[in-house]
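Visitor: take this sequence and fold it.
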Amino acid sequence: MGAIQLREKDLDGSAVYDRARYLVSLCGPSGPRVLVNDRADVARAANAAGVHLPETGLPVESAREIVGPNALIGRSIHAREELSGSLGSDYLIFGPIFDTPSKRRYGAPQGLTRLAQVARATKVPVLAIGGITVERVHDVVTHGASGIAVMGALLEAVDPAASVRAFRAALAAR
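Guide: This is a model prediction of the structure:
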């Protein structure tokens, strides 16, 4: 699933809405889907493809009431025990798999073994996050990840578009 997650934790609803509307119009119907982080109301109002819920966000069933039956709903989890709170989601983001500065507050990296345990314990697609590089795509996929979620690898890239192409090629080679 190609998607862009709008993750603006420090902005008010109006500013997030403006950015979401802009991204939705920029991506168009054939581009990547736009997901709004933790704001089901904004996702619905902006006509985004869905909402991504943090582990402390709305319950999935409440978000579904807001965004509707056809919207995508994802949930972040950081432990296998959090799977029960993700029932009804369309995908999960699990991690951090490897060390990365943006995920250190969630504790030590989960590693590939835990990724495999979570992926086996659910039928919902699991995306690996945290320290994912092009070179690590094969490892996370062979340990059960259906895909990846990256942030730092794109934000720090000299050529983000080339980085996206490299990640897509690595995923296609699986």
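
Visitor: in the chain, where is pLDDT below threshold?
Guide: Low-confidence segments of the chain, defined by pLDDT under 70: 1.

Visitor: this structure: strands as residue ranges?
Guide: With DSSP state E, the ranges of strands along the chain come out as 3-6, 33-37, 50-53, 72-77, 91-94, 126-129, 147-149.

Visitor: got the CA positions of the longest one in PDB?
Guide: Listed in PDB are the C-alpha atoms of strand 72-77, where the atom choice follows Å, rounded to 0.1, in the frame of the first residue of the first chain:
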ATOM      1  CA  LEU A  72      -8.300   2.800   6.000                       C
ATOM      2  CA  ILE A  73      -7.500   2.600   9.700                       C
ATOM      3  CA  GLY A  74      -4.100   1.700  10.900                       C
ATOM      4  CA  ARG A  75      -2.800   1.400  14.400                       C
ATOM      5  CA  SER A  76       0.700   1.600  15.900                       C
ATOM      6  CA  ILE A  77       1.700  -1.200  18.300                       C
END
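
Visitor: helices or strands up against it?
Guide: With contacts defined as 3 or more C-beta pairs under 8 Å, 6 or more residues apart in numbering; DSSP states H and E, the packing partners of strand 72-77 are strand 33-37, strand 50-53, helix 60-67, strand 91-94. All C-beta atoms are positioned from the backbone trio N, CA, C, and that covers glycine.

Visitor: and for the nearest residue to residue 103 once chain neighbours are set aside, the neighbour number?
Guide: Leaving aside its chain neighbours, residue 103 sits nearest to residue 96 (3.6 Å; criterion: C-beta to C-beta, 6 or more residues apart in numbering). Applying the criterion other C-beta atoms under 10 Å, we find 23 residues in the vicinity of residue 96.

Visitor: again, but for residue 79
Guide: Residues near residue 79, counting by other C-beta under 10 Å, number 13.

Visitor: separation between it and residue 174?
Guide: Distance from residue 79 to residue 174, counting by C-beta to C-beta, to the nearest Å: 25 Å.
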